[in-house]
Each structure stands twice: as C-alpha cells, then as structure tokens.
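K.L.:
Any chance you can model this:
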Amino acid sequence: MSNTIVVAYDGNDSAKRALAFAVERAKVISGNVIVAHVLEWSPYKFLTPQEIEERHARRQDELSRAEAALLAPVKEEYASSGVPISTVIKYGHVSETLIKLATAEGAVQLIIGRTGEGALSSRLFGSVAGTLAQTCPIPVTIVP
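P.N.:
Residues are numbered from 1 along each chain as shown. Here you go, the predicted model:
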C-alpha cells in the first residue's frame, strides 16, 4: 500500500497550512508528499496555428514561473523535514486534475487548504474543496 499524500498548493496561506499538515501527517505514516499545483487551462480548438504557438510559449512561461515562485521554495523549505517531497505542475480543471493525479499516484490522502470563499460564490460556482470532498475516491482533508 502506498503512503503517498497529495497536497494541492497555490502559495496562499491556507495552502501553506495544508502543506505543513501534510508533511506532519507523512511523518506519522512514514510517507511521502507530492505537492501539486494546477494551472487552469482550457483547450481552444478554433485557434490558428500562430495563436497555438504563442499560447504554447505562454504556457511554458507559466510553468517556469510556477516552478520558480511556488514549488522550488517549498522543496527548499522542507528539504530537512525527513519527508520525501516531490512537486508536480499540471494544466486542467483543478478538481479533476487533482483527483487524476492522486489516483494515478496511488495516494492514500488528498489535502487541500480552504480559501474561505464567500457562501454565495461557493453556491453559484462551487469550490474546489467542496467538489473534492464530494467526488474524490480517496479521503480528502480540508485544512482551514
């Protein structure tokens, strides 16, 4: 059985608390943590070849910035934690992408921070945490 924990991470305060919780949990189960950052990206089939090329270049820039600004500091901060930490950046719908990643990695838990969206916007548009809590096939922990 895997002892992998996937934690959603976007650099905000709740994500930092979720990551700290994930690392402490991984210590207890002698596990490892995958820190996942998901960039929303929807494919457009009606783009011209030039637009597709420009979009691909922007995508590469986004990946580089996310790695340097978000994930590299996490690796450095937790390097001495005793917990193996790896990072991954994916494009797609956040909830779906996190579930696919957690499933593919055989994770035993998915941890996410709660951003504290207003009740109205959560009801109208849904929330990542709420969607994961309802649809994820593995246990989800929402860290306040």
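K.L.:
what about the strands in this protein?
P.N.:
4-8, 32-39, 85-91, 109-113, 140-143 (DSSP state E).
K.L.:
which stretch among the ones you listed comes nearest residue 50?
P.N.:
Nearest to residue 50, of all those, is strand 85-91, at 20.5 Å by Cβ to Cβ. To be clear about C-beta, it is placed using only N, CA and C from the backbone, and glycine gets the same treatment.
K.L.:
Quick check: bridge partners of the nearest residue to residue 75 once chain neighbours are set aside?
P.N.:
Leaving aside its sequence neighbours, residue 75 sits nearest to residue 85 (Cβ to Cβ, 6 or more residues apart in numbering; 6.0 Å). Beta-bridge partners of residue 85, counted by DSSP bridges, are residue 33.
K.L.:
any idea how far residue 2 is from residue 85?
P.N.:
15 Å (Cβ to Cβ, to the nearest Å).
K.L.:
Mind checking which of those two has more residues around it?
P.N.:
residue 85 (21 against 10; other Cβ atoms under 10 Å).
K.L.:
That's all I had, so thanks and see you.
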